[in-house]
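> sequence isn't available, so here's the structure alone:
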């Protein structure tokens, strides 16, 4: 599944150079325009920007330098998210673009990410003759900028850098047709993690307002209920932002082990929902998942029925939210780190079990009973460590002080190691040797003008697949069609030892790529049923004969058919390492910003001042 900035339609490499130059020129013009706007505002040649910020601040009960960027951020991140889901669905249903500017969804993503960066930059531009909060960063002798604004701009810039790097990546390695391509993760990771910067900017703004920020006010926009709704919605946005890594599962074209899905849900749910409950209050976790579900459903309806692309479902997180809210009824809620660890454990166990009921109901591939042991080995460490980090995040901004630097660094490091270890475990898979699939096709009535078939499949050896595989299915995608919409997934039913049959017809014509897929534990393998010829990458057609026997091979060679493996083995690892270092730098920046803002949170700053005045004991 290709994300954004993909290669030209007939080739498997990077985008056409004229489109690359066009996008670069547009980026340059926008950047120069932003710099010019900053110059006009800071030299007081314009006043409308300041007045607009003051108006937004009066409505949100925040300083203008926080309120206006937050309003802009909400609209831009929703635009980018709609474009992202639309783009993924387009690539699932139709395959490669003719270029990055030939895909309408790319415009939504580009605009959204540009304005995400601009929202952060605006928070830096707006303050005049003032220090925007006690955590402000000094740029020049008279220019201070809010830490949250710097972090939002940094996350947006990180995502935008993914565009040119994505093109370079495809020129070297071809089209890695998966959401989890390293440069794709930069694009979605920068946007998703920017929500942490938003929460920090809002917190900075409330600190700057002093006691007025939380005081009673008869106006609706300053009422405690509205404040609670707005802050809970921010954590709903964080749920969505941390869920973008699961989108392949939402469409039913996951290319990695199924145990990744509960692990990703546990990590996103434990961090976002524990932080929401601790920082906003009772009911915030439940409201956050409701907000996320409404946004996801609206997006799914727009992309599916309205735009006519493949339909997607989404994780609900309701089980995780209920667990967090119930544990918060105990005295543990007063001990944030311990609460985070216990709630994270609850999310990684009971919460994931609750989520499995939703997955069974709406997803193409439910979680099998045979995968639960491995699932818990993934979800428990991730749930505990991300919950701990959420507790640390909440404590940092609560005014109750932070633990020692070595201790809090150990918590963050433990989370990173848990995520890295479980990811490495999930990426491991086995490909059988000397295993084949014999397929007998029976023609069915055509749909959208395409040849449709049902299949009877015999796997050799017959005991290769257990009675409870994660999936044994035929995937047909990237073929378009008014009715089929470019995606058909048929879960085969077992008829005997090593024998299976279709439950519905699949297309084997036109530009479709139709593949028999098997996932059973660590076994991840596939065989082509029909693959359209692709002159752009020099790939011949794999015909759908009435009966054939084909080797079971690594899935990646079929699902990522356009990927180029003709490069030194170390080059891919080195390039991936560069992206990993950049991602860790962004995580470090968010942690640094949290600590910086924590130090000026009222009770923390008072405690620090008292400590500084206390003579040291020898």
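Perfect, thanks for sending it. No experiment lies behind these values; they were computed from the predicted model shown.

> worst-scoring helix or strand of the chain, pLDDT-wise?
Scoring the helices and strands of the chain by mean pLDDT, DSSP states H and E places helix 602-613 at the bottom, with a mean of 53.

> mind listing the helices in the stretch 501-618 of the chain by residue range?
In the stretch 501-618 of the chain, the helices defined using DSSP state H, counting those that start in this stretch lie at 556-559, 569-598, 602-613.

> kindly report the same for the stretch 151-300 of the chain.
In order along the chain, the stretch 151-300 of the chain carries the following helices (DSSP H, counting those that start in this stretch): 182-209, 224-243, 247-251, 260-279, 284-301.

> got TSV for those helices, with distance to residue 479 too?
The way it works is simple: take the backbone N, C-alpha and C, and place the C-beta from them, glycine included. Conversion of the helices of the stretch 151-300 of the chain to TSV gives the following (distance: least, C-beta to C-beta, whole Å):
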stretch	distance to residue 479
helix 182-209	22
helix 224-243	28
helix 247-251	15
helix 260-279	25
helix 284-301	21
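
> most packed of those helices?
Counting by mean count of other C-beta atoms under 10 Å, helix 260-279 has the highest mean neighbour count of these, with a mean of 29.

> pLDDT of that one, averaged?
Throughout helix 260-279, pLDDT has a mean value of 96.

> if you count contacts, what does that helix end up packed against?
Helix 260-279 makes packing contacts with helix 224-243, helix 284-301, helix 318-327, helix 336-346, helix 352-362, helix 372-396, helix 405-427 when contacts are defined by 3 or more C-beta pairs under 8 Å, 6 or more residues apart in numbering; DSSP states H and E.

> re the thing from before, for the helices of the stretch 501-618 of the chain, which one ends up most surrounded?
Stretch with highest mean neighbour count among the helices of the stretch 501-618 of the chain: helix 556-559 (a mean of 18; mean count of other C-beta under 10 Å).

> packing partners of that one?
Of the remaining helices and strands, those touching helix 556-559 by 3+ C-beta pairs under 8 Å, 6+ apart are strand 513-520, strand 523-531.

> off-centre distance for the last one?
Its chain's C-alpha centre and that of strand 523-531 lie 27 Å apart, by C-alpha atoms, centre = their mean, to the nearest Å.

> can you check stretch 28-43 too?
For stretch 28-43, the separation from the chain centroid amounts to 31 Å (computed by C-alpha atoms, centre = their mean).

> in that stretch, what counts as buried?
30, 34, 37-38, 41-42 (16 or more other C-beta atoms under 10 Å).

> please apply the same query to stretch 156-173.
Of the residues in stretch 156-173, those buried by neighbour count under the rule 16+ other C-beta under 10 Å are 156-160, 162-167, 169-170, 173.

> can I get the residues you listed in CSV with pLDDT and distance to residue 600?
Written out in CSV, the entries for those read as follows (pLDDT from 0 to 100; distance: C-beta to C-beta, whole Å):
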residue, pLDDT, distance to residue 600
156, 92, 24
157, 90, 25
158, 91, 25
159, 90, 28
160, 86, 30
162, 82, 32
163, 77, 35
164, 78, 37
165, 80, 35
166, 79, 38
167, 77, 41
169, 81, 40
170, 79, 44
173, 81, 45
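
> adding distance to residue 64, write the residues you listed out as a markdown table.
Rendered in a markdown table, the data for those read as follows (distance: C-beta to C-beta, whole Å):
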| residue | distance to residue 64 |
| --- | --- |
| 156 | 20 |
| 157 | 23 |
| 158 | 26 |
| 159 | 25 |
| 160 | 25 |
| 162 | 31 |
| 163 | 31 |
| 164 | 33 |
| 165 | 35 |
| 166 | 35 |
| 167 | 38 |
| 169 | 40 |
| 170 | 42 |
| 173 | 45 |
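
> list just the nearest of these to residue 560.
Distance to residue 560 across the buried residues of stretch 156-173 (C-beta to C-beta) is lowest for residue 173, with 9.7 Å.

> tell me how many other residues crowd the residue nearest to residue 75 when sequence neighbours are not counted.
Leaving aside its chain neighbours, residue 75 sits nearest to residue 115 (7.7 Å; criterion: C-beta to C-beta, 6 or more residues apart in numbering). Each residue near residue 115 was counted by other C-beta atoms under 10 Å, and the total is 21.

> residue 48 too?
Here the count is done by other C-beta under 10 Å, and residue 48 has 9 residues near it.

> shift numbering so it begins at 819
Got it, the first residue is 819 from now on, which makes the last one we talked about residue 866.

> need phi/psi at it.
Backbone dihedrals for residue 866, given as degrees, to the nearest 10, come out at phi -60, psi -30.

> could you check how far it is from residue 852?
As judged by C-beta to C-beta, to the nearest Å, residue 866 and residue 852 stand 16 Å apart.

> CSV please, covering the helices of the stretch 1319-1436 of the chain and showing distance to residue 967.
Compiled in CSV, the helices of the stretch 1319-1436 of the chain are given as follows (distance: least, C-beta to C-beta, whole Å):
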stretch, distance to residue 967
helix 1374-1377, 41
helix 1387-1416, 10
helix 1420-1431, 20
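
> among these, which is nearest residue 1163?
When the helices of the stretch 1319-1436 of the chain are compared for distance to residue 1163 using C-beta to C-beta, the nearest one is helix 1387-1416, at 22.5 Å.

> for the closest one, name the packing helices and strands.
For helix 1387-1416, the helices and strands in contact under the criterion 3+ C-beta pairs under 8 Å, 6+ apart are helix 965-991, helix 1000-1027, helix 1190-1214, helix 1223-1245.

> tell me which of those helices lies nearest to residue 881.
helix 1000-1027 (5.1 Å).

> chain center to that closest one: distance?
When C-alpha coordinates are averaged (C-alpha atoms, centre = their mean), helix 1000-1027 and its chain have centres 13 Å apart.

> now the angle from that helix to helix 1387-1416?
Here helix 1000-1027 runs at 10 degrees with respect to helix 1387-1416, directions being taken by axes from the mean of the first three to the mean of the last three C-alpha atoms, to 10 degrees.

> helix 1000-1027 vs helix 1042-1061, what angle?
160 degrees.

> what packs against helix 1000-1027?
Here helix 1000-1027 is seen to pack against helix 882-912, helix 922-943, helix 965-991, helix 1042-1061, helix 1387-1416 when contacts are counted using 3+ C-beta pairs under 8 Å, 6+ apart.

> who's in contact with stretch 1283-1293?
Surrounding stretch 1283-1293, the residues in contact under the criterion C-beta atoms under 8 Å, 6 or more residues apart in numbering are 1070-1071, 1075-1076, 1182-1183, 1186-1189, 1273, 1277, 1306-1310, 1312, 1316, 1318, 1320, 1324, 1332-1339, 1341, 1347, 1377.

> the same query, at a cut-off of 7 Å, please.
Contacts with stretch 1283-1293, where a contact means C-beta atoms under 7 Å, 6 or more residues apart in numbering, come from 1071, 1076, 1183, 1186-1189, 1273, 1277, 1307-1310, 1318, 1320, 1324, 1332-1338, 1347.
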